[in-house]
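> Here is a sequence together with a model predicted from it:
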Number of protein chains: 2
Amino acid sequence: MSLLVVGSVAFDSIETPKGKREKIIGGSANYACLAASYFTYSRMVGVVGNDYPEDIVHIMNSKGIDTSGLKFEEGETFSWGGVYSEDFSERTTTFTKLNVFKSFSPELLESHAKSNYTLLGNIHPEIQMKVFDQLENPKLVACDTMNLWINTTLPQLKEILEKIDILLVNDEEAAMLSGNSNLSNSALKILEMGPKFVVIKKGVHGAIIFGEEIEFHVPAFPVDEVVDPTGAGDTFAGGFMSYIAMEDSISVEHLKRAMVAGTILASFCVEDFGVERLLNISAEDINNRLLNFSKLTLYDDTPLLK
Amino acid sequence: MSLLVVGSVAFDSIETPKGKREKIIGGSANYACLAASYFTYSRMVGVVGNDYPEDIVHIMNSKGIDTSGLKFEEGETFSWGGVYSEDFSERTTTFTKLNVFKSFSPELLESHAKSNYTLLGNIHPEIQMKVFDQLENPKLVACDTMNLWINTTLPQLKEILEKIDILLVNDEEAAMLSGNSNLSNSALKILEMGPKFVVIKKGVHGAIIFGEEIEFHVPAFPVDEVVDPTGAGDTFAGGFMSYIAMEDSISVEHLKRAMVAGTILASFCVEDFGVERLLNISAEDINNRLLNFSKLTLYDDTPLLK
C-alpha cells in the first residue's frame, strides 16, 4: 500500500561539529518520503516557493515518490537554520522563515484522499485535522507534533489525537503532553487521549512503542560517525509508517519490525548532511545493517534458571 | 563456579518519592551477593562494625552466601544517607560516615584467594589492586569505580584497569574517564586502557557491553513502580558476573545473557527499598520476567527487503 506524507519542504542551513551546509534540501516531508521510498510508494503533500529547484523534484520522482501534491506558490520556500553543540546534545535554531509555508493549508488531490496510510508531519494541529477530514478511507493515520503545539494549541492537538491512530513524539514532548516524566506512565496517559499507539523517540537511546497489546523497546543503531542528526526523527517516522504500509499489517510482529525499520533508516540519515545519505541506500545496505543490528540487540531467551 | 565479591557493607537511610527508610541494610557487597545468589555460590568480603546485626548475616547464609570474609571490627558500620528527587533523576547524599570502612584493607582467606571469578566493588583502586594481587588464579575479574576515584586517584585507577578484565561504569563515569561523551568512542578509549570488556550502565536507558568481539545493547526492564533505585547498579553487576560464573563461559552468547540476567535482577531490586525485594525472588519470577523482557525487546530479524 502507498503512504501519504503531509509535511514541510524546506531549505536548511546546518552547522554541526562535522561541518556546515547552506540552503540544502530539508523538511519533514522530504526526509519521510525518502525513507519511505525504500519500502513503498509514497505521496508528498507540501508547499514550496518558486525558488525551489525543479531537479530536486525530479530526483524525488526518480525514487518513486509522487510529488503531484507538492504545490509551488509565489514567494520563497520555508527555510530554517540550526547549529548543533560539540556533542550533538543541543541544537540552537538560528533562523526560521516560514515564507510560503505560513499559509500551508493542503487540499488533497482525489487520488491522495483515498490513501489508507497517512503520516501527518509536525504542523499546526488544525491543519492536521483539515487533512484528516479530507481522508476518505483512513486505515492508519500517524501524526507527529512538537512542544510549540503542546504549549500553544493544546485543545486543537487533543482533538486530532482523538482521531488518529499513532502519535510520534520525543521523550520531552511526551512528558510535556502527559504531565508525567516516567515514560510508561506518560505513554498510558497519551493513549487515554485517543491514539491506539504512541511511539516515544529517545534519540541516541532509541525508541519505544506502546499500545494495548504491544510494548517494544528498540535501541538506536550506533553509527560510527554522526555527521548531522537533522531529520532523523522524520526519517524514523517515514521508515516506520512505510514498512507498515508495505506489509499492510499492524500485527505485533510487524509493528516491531516497523520500529526496527525506522531505526535502521534513521541511522543512515545521520551519517551525512541533510537528505544526502537517504538518496543512496541500497536494499543490501538496509538488510546488512539489520543483520548488524540484530547482533547488537538479539539474545538467546531460553530460561535463565532450570 | 563461585563468585568472590569485595565491596561495602553498610547501613543506608533512604528517602524516595515512595517513602523513607532508616538504617536499612545496604552496600555494594550485599546487593551484588544477593543478586549472585540466584545463579551461583558467592563469597562476600567486607567489613562491618560490632553494631551490625548477626541475623542479617544468617539471612545471607540462608541464601547460600559465604560470609566468612565479612570482618567484624570495633566501631560502627559504614553508613550513608540519600534523598531522591521527585522523578528519581537526581540523588543527593545527606551524609556519609565511613566508620570502620575507612581502613578497609582486606586479607583474603586462602579459599577465597583461589576464586576464578571476582567482582571488585567500587572502592579505592589501591584496595582493588591489593585484592587483585592476592588472587592466585584469576580467570575473570570485574571492577566497578566512581567519579571520586576518576577525579582523585586516576593513576592508581589506570593501574588496576591494566590488570582487570571487565570495567563496569555508568555513562557519566565513562565520559569522565575517557574524555569523550560519545558512548562508542568512550568505550574504545577505555578498552585501550586495558580491560577486555567495558559495561556502560545507562540507568533507565539500559546498558551496553563493548569488547573486541562483542557490542550488545540491552534496554532496562520497565518496572511498574520504582520504589528505590539504590543498589541497582551493584545488583546488575552481581547478576551479570554470577551468570558468567554459573556458565563458566565468556562466549558472546553467554555475555549477552549475562547482560540480560543483570538487567532482570536490577529490575527486581528497584521494586522495593534496599535489598528487600532481592531476598524474595523465585526462579519462576526470574524466568517469567525474562519471558516478559523478551516480548519487549526481541523481534523477527529476517531481511526487511527482498
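Nice, I can see it. Not measured: the values here are computed from a predicted model. Residues are numbered from 1 along each chain as shown, chains lettered A, B, ... in the order given.

> The closest residue in space to residue A:50 that isn't next to it in sequence: what secondary structure?
Nearest residue to residue A:50 in three dimensions, chain neighbours excluded: residue A:72, at 5.9 Å (Cβ to Cβ, 6 or more residues apart in numbering or on different chains). C-betas here are computed from N, CA, C, even on glycine. When states are read from DSSP: H, G, I helix; E, B strand; the rest coil, the local structure at residue A:72 comes out as strand.

> Below-threshold pLDDT in chain A: ranges please.
Low-confidence segments of chain A (pLDDT under 70): none present.

> All the helices of it, in order from the start?
A:28-36, A:54-62, A:110-113, A:125-134, A:147-152, A:154-163, A:171-178, A:183-192, A:232-247, A:252-269, A:283-297 (DSSP state H).

> just to revisit the earlier point, count the residues that sit near the residue nearest to residue A:50.
Look at residue A:72: counted by other Cβ atoms under 10 Å in any protein chain shown, it has 15 neighbours.

> what's the answer for residue A:285, then?
15.

> is it true that it touches residue A:268?
Yes - at 7.3 Å, residue A:285 and residue A:268 qualify as touching, with contact defined as Cβ atoms under 8 Å.

> winner for burial among the helices of chain A?
Neighbour counts (mean count of other Cβ atoms under 10 Å in any protein chain shown) averaged over each of these peak at helix A:28-36, with a mean of 31.

> Give the other helices and strands that that one contacts.
Packing contacts for helix A:28-36, counted by 3 or more Cβ pairs under 8 Å, 6 or more residues apart in numbering or on different chains; DSSP states H and E, involve strand A:3-6, strand A:42-49, helix A:54-62, strand A:65-73, helix A:232-247, helix A:252-269.

> For the shortest one, C-alpha coordinates in PDB please.
What it means is strand A:3-6. Provided in PDB are the C-alpha atoms of strand A:3-6 (Å, rounded to 0.1, in the frame of the first residue of the first chain):
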ATOM      1  CA  LEU A   3       1.900   6.100   2.100                       C
ATOM      2  CA  LEU A   4       0.600   9.700   2.100                       C
ATOM      3  CA  VAL A   5       3.000  12.100   3.800                       C
ATOM      4  CA  VAL A   6       2.000  15.700   4.600                       C
END
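
> ok, that strand: who's next to it in the sheet?
In the sheet, strand A:3-6 lines up against strand A:42-49 (parallel), strand A:117-120 (parallel) (DSSP bridges).

> Contact partners for residue A:38?
Contact analysis of residue A:38 by Cβ atoms under 8 Å, 6 or more residues apart in numbering or on different chains lists A:239, A:242, A:265, A:281, A:283, A:286, B:305.

> Could I get the contacting residues of the residue nearest the centre of chain A?
Chain A has residue A:234 as the residue nearest its centroid, 2.5 Å off, counting by Cα atoms, centre = their mean. By Cβ under 8 Å, 6+ apart, the residues touching residue A:234 are A:7, A:28, A:31-32, A:35, A:121, A:144.

> The residue nearest to it when sequence neighbours are not counted and residue A:23, how far apart?
Leaving aside its chain neighbours, residue A:234 sits nearest to residue A:31 (3.8 Å; criterion: Cβ to Cβ, 6+ apart). The spacing between residue A:31 and residue A:23, counted by Cβ to Cβ, to the nearest Å, is 16 Å.

> Surely the residue nearest to residue A:50 and residue A:48 touch.
Yes - taking Cβ under 8 Å as the definition, residue A:72 is a contact partner of residue A:48 at 5.9 Å.

> Pull the contacting residues for the closest residue to residue A:107 other than its chain neighbours.
Leaving aside its sequence neighbours, residue A:107 sits nearest to residue A:134 (Cβ to Cβ, 6+ apart; 7.4 Å). By Cβ under 8 Å, 6+ apart, the residues touching residue A:134 are A:107-108, A:113.

> Could you do residue A:75 as well?
A:49-50, A:99-100.

> Ok, residue A:16 next?
A:83-84, A:88, A:227-229, A:273.

> Tell me the one of these nearest chain B?
Of all the contacts of residue A:16, chain B sits closest to residue A:88, with 8.4 Å by Cβ to the nearest Cβ.

> Check the contact between the closest one and residue A:229; I expect there is one.
Yes - using Cβ under 8 Å, residue A:88 is in contact with residue A:229, at 5.8 Å.

> Give me the distance between residue A:115 and residue A:72.
Remark: distance between residue A:115 and residue A:72 (Cβ to Cβ) = 22 Å.

> Near chain B, which residues of the stretch 1-150 of chain A? Just list them.
A:38-39, A:87, A:89 (Cβ under 8 Å from any Cβ of the partner chain).

> now the residues you listed: which count as buried?
For those, a burial check counting by 16 or more other Cβ atoms under 10 Å in any protein chain shown picks out A:38-39.

> and of the residues of the stretch 1-150 of chain A next to chain B, the nearest to residue B:168?
Minimum distance to residue B:168 across the residues of the stretch 1-150 of chain A next to chain B is 22.8 Å, recorded for residue A:87 (Cβ to Cβ).
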